[in-house]
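Undergrad: The sequence isn't on hand, but the structure is:
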């Protein structure tokens, strides 16, 4: 069997239930969540709390409670739906919303995730570049500044692409290989460098943390971060994955829905501790006169070449499962193509974007807007599986009525995003993440209400056509 035949034989079950023989134990998820949430981009996020004037109390409490809410979102919303259905969100969305809305959703999600992968490729490549004599382009450069940078991106991106096309089993093996030691290096580097700030005992840390690291005084222009900013960000920066149900693609392989609580290991190790550690490293860099340290510089400052290797590899452990999700999303709308063919194509798009760092300069805004747009549809699927039966409503409207677009879903989606956007501008919020959960709730309430009205009308007048009908339900997917 050649490589092409082997790849074609690899079935990731994009349009069917995961068989019992492919279910994974809890150990597989421990390595994956730690690997995915302990990445090079943590060395971008952690310093933001220092640069934007958060206090240590804001940081500690915001991260503790925010990550707690994120863990509960995975454990009580995402994992239960995934284990109950054993399907991807794309398959369930087709049943509930129809092929038309699924296609729109997949386009938005694929583009958003490609930008996320591009960001990790840039961070990993930037860590390697100085040691190869390559000057990476600045974040404001639109043009390609060096052909060597392009070659470096292609090499880094090819590794990600290769692992992603192999499928879920290999992604788990890859994550478990690196997950045990990456957090130790990242967190240990922050602890090891504390003496440079004058910390020689635990009692020293509290004083130094408030006076020299998280001082409450902004170093850069922009929004001053408070407890609320940090709480909301740490809860909802991955809202697309948990309340938006994108991680159904991962947890559908879990034997039990309780595995969703394992996400807490990734969150408290990979987010809370690593963000605090990178904040410490940022404070040392500022003390040394570096006002804009890169992830590679921070890692090298704390752990030397071992830190650089960690930045590179951790970029892979984040990019690989993200690219896997992109492949599943696009394949659900382009079923004539194999999973590996789509994943390869989308990987090439991510590599192209990574050649132009200006594309990911506003990564936080891209993620915030993307979360605001696509997360609400997770509420629709959650309602069909866990709320409709209690309200005596019939679920899976698009599937049962063989329709292209289910109007209650479309109206709830557009309505919730529109309401949230108006609120964002009216109240002058500075973070789209503030609206991710309210938007999810708006969509849930609108969808349930509109479906109840629709089904009452159909009972009274069965011939009343409330759908946008199409007898060519699979035109876009066959």
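TA: Received the coordinates, thanks. All values derive from a computational prediction rather than experimental measurement.
Undergrad: For the chain, which segments count as strands?
TA: 403-405, 468-469 (DSSP state E).
Undergrad: Work out the gap between the longest one and the centre of the chain.
TA: In terms of C-alpha atoms, centre = their mean, to the nearest Å, the centre of strand 403-405 is set 28 Å apart from its chain centre.
Undergrad: I'd like the average pLDDT over that strand.
TA: When pLDDT is averaged over strand 403-405, the result is 92.
Undergrad: now stretch 165-182
TA: Stretch 165-182 comes out at a mean pLDDT of 77.
Undergrad: so where's the stretch 101-250 of the chain uncertain?
TA: The model of the stretch 101-250 of the chain has pLDDT under 70 over residues 137-142, 179, 222.
Undergrad: which ones are touching residue 348?
TA: 157, 161 (C-beta atoms under 8 Å, 6 or more residues apart in numbering). Every residue, glycine included, has its C-beta placed from N, CA and C.
Undergrad: Repeat the analysis, applying 10 Å as the threshold.
TA: By C-beta atoms under 10 Å, 6 or more residues apart in numbering, the residues touching residue 348 are 114, 154, 157, 158, 161.
Undergrad: The fourth one reaches residue 354, doesn't it?
TA: No: distance between residue 158 and residue 354: 11.9 Å, which falls outside the contact criterion (C-beta atoms under 10 Å).
Undergrad: gap between residue 157 and residue 352?
TA: For residue 157, the distance to residue 352 equals 9 Å [C-beta to C-beta, to the nearest Å].
Undergrad: the more surrounded of residue 158 and residue 354?
TA: Comparing residue 158 with residue 354 by neighbour count (other C-beta atoms under 10 Å), the higher total belongs to residue 354, at 29 against 14.
Undergrad: Roughly how far does residue 387 sit from residue 425?
TA: 31 Å.
Undergrad: Next: residue 107.
TA: 25 Å.
Undergrad: More neighbours: those two, which one.
TA: residue 107 (13 against 9).
Undergrad: quick one, what contacts residue 313?
TA: 35, 39, 40, 124, 127, 159, 174, 177, 178, 181, 182, 185.
Undergrad: So how do I select the buried members of these in PyMOL?
TA: This is how PyMOL selects the buried members of these, with burial counted by 16 or more other C-beta atoms under 10 Å:
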select buried, resi 35+39+40+124+127+159+174+178+182+185
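Undergrad: Helices - which of the contacts of residue 313 land there?
TA: Of the contacts of residue 313, the ones assigned to helices by DSSP state H are 35, 124, 127, 159, 174, 177, 178, 182, 185.
Undergrad: and the gap between residue 129 and residue 342?
TA: Counting by C-beta to C-beta - residue 129 and residue 342 are separated by 30 Å.
Undergrad: nope, residue 319 is what I was after
TA: 16 Å.
Undergrad: When the two are compared, which one has more neighbours?
TA: Counted by other C-beta under 10 Å, residue 319 and residue 342 do not tie: residue 319 has more neighbours, with 33 against 23.
Undergrad: ok so, going back, give me the common contacts of residue 157 and residue 352.
TA: With C-beta under 10 Å, 6+ apart, residue 157 and residue 352 have common neighbours residue 118.
Undergrad: who has more neighbours, these two?
TA: residue 157 (27 against 16).
Undergrad: okay, the nearest residue to the more buried one once chain neighbours are set aside: pLDDT?
TA: Closest residue to residue 157 apart from its sequence neighbours, by C-beta to C-beta, 6 or more residues apart in numbering: residue 351 at 3.8 Å. Looking at residue 351, its pLDDT is 91.
Undergrad: OK, contacts around the most centrally placed residue in the chain?
TA: Nearest to the geometric centre of the chain sits residue 238, at 4.7 Å (C-alpha atoms, centre = their mean). Counting by C-beta under 10 Å, 6+ apart, residue 238 makes contact with 36-37, 67, 70, 73-74, 244, 246-247, 263, 266-267, 271, 367, 371, 375.
Undergrad: For those residues, which entry has the maximal number of neighbours?
TA: Of these, with other C-beta under 10 Å as the count, residue 263 tops at 31 neighbours.
Undergrad: Apart from its neighbours in sequence, what residue is nearest that residue?
TA: That would be residue 74: by C-beta to C-beta, 6+ apart, it lies 4.1 Å from residue 263.
Undergrad: Could you do residue 227 as well?
TA: Distances taken as C-beta to C-beta, 6+ apart place residue 58 nearest to residue 227, at 4.4 Å, with adjacent residues excluded.
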